[in-house]
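J.: just need the structure, nothing else, for what follows:
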Amino acid sequence: MPGKRTIRRRDVLKGTETGLAAAALPSLMTRPLRADEDKLPPNERIGLGFIGTGDLGTRHHLRNKILNDPVLYRQVDLVGLCDVDRNRVDEAARSVFEKSGRRVATYKDYRQLLERKDLDAVFVVTPDHWHATAAIAAIEAGLDVYCEKPLTLTIEEGRRLSNAATRYGTVFQTGSQQRSNDRFRLACELVRNGKIGAIERVDTVLHGVSPGTWIPEQTPPDHFDWNMWLGPAPYRPYRPNLVHYQFRWQFDFSGGVMTDWGAHHNDIAQWALGMDESGPVYVDGTKAEFSMDGPHDVALKFDVHYKYANGVDLYCHTDKQDYPDGTSFGNGVKFTGKDGWVFVSRGEIQASDPDLLKTEFGPDDVRLYDSPNHHYNWFECMRTRKNPICHAEVGHRSVTVCHLGNISMRLRRPLKWDPDKEQFIDDAQANAMVRKPKRAPWHL
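T.: Down below sits the predicted model:
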């Protein structure tokens, strides 16, 4: 009805015990704009917020994907931005003002943002140790969520997050955007349809990490709330090289390059192998190097071997790979089958037989979820209430592969994994590492 604001998903959820009534939400209108309009009417826009406005949150998601994309910008009202670094959230707010002429509310505590009645969806672009806590809070507030990868810091967090998203009917997109890329989808469809024969092995190639440089403890700058940044992580004295991009190299906050790039490439391996609701049954991370004299405590280099129940081997490396046929590949994913191979990265796709890349699939072939744009896919699904291409269970299963590798590397022994029960077999020490205690008062 003209002039009536669209029913918000969170309002529907308040009237149900399970939240499953969200599936009955009417689709929001997306009619063509008139010549004198640059945005949809207020009752048709999505109230959007950001939890985390660092480089990735502000530059990539806010500026490039929202403010400077006319298709997305016309659909949103930016209603709130949150970050524990006042300088960064102010910078993000300036970007919104320069684009729209509107002043957007800013917050240091994401819980205040989640209380807004005009909020429909949030981006969670925090350091990894905050993903599950913030995303589950948003889910329970009745919001749809786009959460950056790696989805969680632990396997237990991922299971609880995925269960919450299912229970509340959340439209949840994990930021594994390689699935929304034609090259990666083509490679996976070639594998799924046996175009290179029975798959024998998969290689995912990442990059190594330096030991880092020791920096003395310092007093946090006035504009930065160090205690809130730590949140559920163990307390540590402030050092500049623990925060922003550098948090990736500390197990308290992340999982190193294994979860950083591994959450991308191992995700593609899972997709091609049809393992989006399962995973490997064996992992050997004994070939790993850790720093002896630097502050980075994650694995610097590794060659992790996984095996799936169907016999396929997955090798996750940090070094460029040279193969007997004379080929050599760096960062990317290589699938080797009985009859050939295909390699895919963000910049290229190659195959043992170039004609494979011209394959015309038939009506009986497996065709995978076609999402040409990761953000568009999330917005479209918020209106249709369908699952996005990389929903919470997918994100959880893919990062679980990475967590398995890290646990094996840290224990320095091979491990057997039950992907149905999500438990290690006959290994209490390893099973204790699928979870991590949170610093009070934070909890899931």
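
J.: which stretches of the stretch 151-300 of the chain aren't confidently modelled?
T.: Residues of the stretch 151-300 of the chain meeting the criterion pLDDT under 70: none.

J.: please, where are all the strands along the stretch 201-350 of the chain?
T.: 282-284, 288-290, 299-307, 313-317, 321-322, 328-329, 332-337, 340-344, 349-351 (DSSP state E, counting those that start in this stretch).

J.: list the buried residues in the second one.
T.: Residues of strand 288-290 classed as buried by neighbour count (16 or more other C-beta atoms under 10 Å): A288, F290. For the C-beta atoms, the positions are set from N, CA and C on the backbone; glycine is no exception.

J.: give me the distance from it to the chain's centre.
T.: 25 Å (C-alpha atoms, centre = their mean, to the nearest Å).

J.: then the last one?
T.: When C-alpha coordinates are averaged (C-alpha atoms, centre = their mean), strand 349-351 and its chain have centres 25 Å apart.

J.: so which elements touch that strand?
T.: When contacts are defined as 3 or more C-beta pairs under 8 Å, 6 or more residues apart in numbering; DSSP states H and E, strand 349-351 packs onto helix 182-192, strand 340-344.

J.: how about these in TSV, adding mean neighbour count and distance to W229?
T.: Compiled in TSV, the helices and strands packed on strand 349-351 are given as follows (neighbours: other C-beta atoms under 10 Å; distance: least, C-beta to C-beta, whole Å):
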stretch	mean neighbour count	distance to W229
helix 182-192	22	33
strand 340-344	22	36
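
J.: adding distance to Y323, write those out as CSV.
T.: What follows is those, written out as CSV (distance: least, C-beta to C-beta, whole Å):
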stretch, distance to Y323
helix 182-192, 17
strand 340-344, 8
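
J.: what's the closest of the ones you listed to G175?
T.: helix 182-192 (14.4 Å; C-beta to C-beta).

J.: so what touches that closest one?
T.: Helix 182-192 is contacted from outside by 178-179, 196, 199, 268, 271-274, 333, 335, 337, 342-346, 348-349, 351, 356-357, 359, 361, 365-368, 370, 372, using C-beta atoms under 8 Å, 6 or more residues apart in numbering.

J.: quick check on these: which are buried?
T.: Buried residues within those, counting neighbours by 16+ other C-beta under 10 Å: 178-179, 196, 199, 268, 271-273, 333, 335, 337, 342-345, 349, 351, 356, 368.

J.: related to what we said a few turns ago, can the strands of the stretch 201-350 of the chain go into TSV with extra columns for distance to A138?
T.: Output for the strands of the stretch 201-350 of the chain, formatted as TSV (distance: least, C-beta to C-beta, whole Å):
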stretch	distance to A138
strand 282-284	32
strand 288-290	35
strand 299-307	31
strand 313-317	31
strand 321-322	39
strand 328-329	38
strand 332-337	31
strand 340-344	33
strand 349-351	36
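
J.: so which of the ones you listed gets nearest D427?
T.: strand 282-284 (11.3 Å).

J.: who touches the closest one?
T.: V304, H305, Y306, K307, L404, G405, I407, S408, P414, L415, K416, W417.

J.: just the buried ones from the residues you listed?
T.: Buried among the contacts of strand 282-284 (16+ other C-beta under 10 Å): V304, H305, Y306, K307, L404, G405, I407, S408, L415, W417.

J.: how close does the fifth one get to V304?
T.: With the distance defined as C-beta to C-beta, to the nearest Å, L404 ends up 8 Å from V304.

J.: quick check: closest non-adjacent residue to I136.
T.: Excluding the flanking residues, the one nearest I136 by C-beta to C-beta, 6 or more residues apart in numbering is A164, at 5.1 Å.

J.: ok, the one you found touching A137?
T.: No - using C-beta atoms under 8 Å, A164 makes no contact with A137, being 9.7 Å away.

J.: mind listing what's buried along the helix or strand encompassing A135?
T.: Assigning secondary structure by DSSP states H and E places A135 in helix 131-140. Along helix 131-140, these residues count as buried under the neighbour rule (16+ other C-beta under 10 Å): H131, A132, T133, A134, A135, I136, A137, A138, I139.

J.: and the fourth one, what does it touch?
T.: The neighbourhood of A134, defined by C-beta under 8 Å, 6+ apart, consists of I51, G52, Y110, V124, T126.
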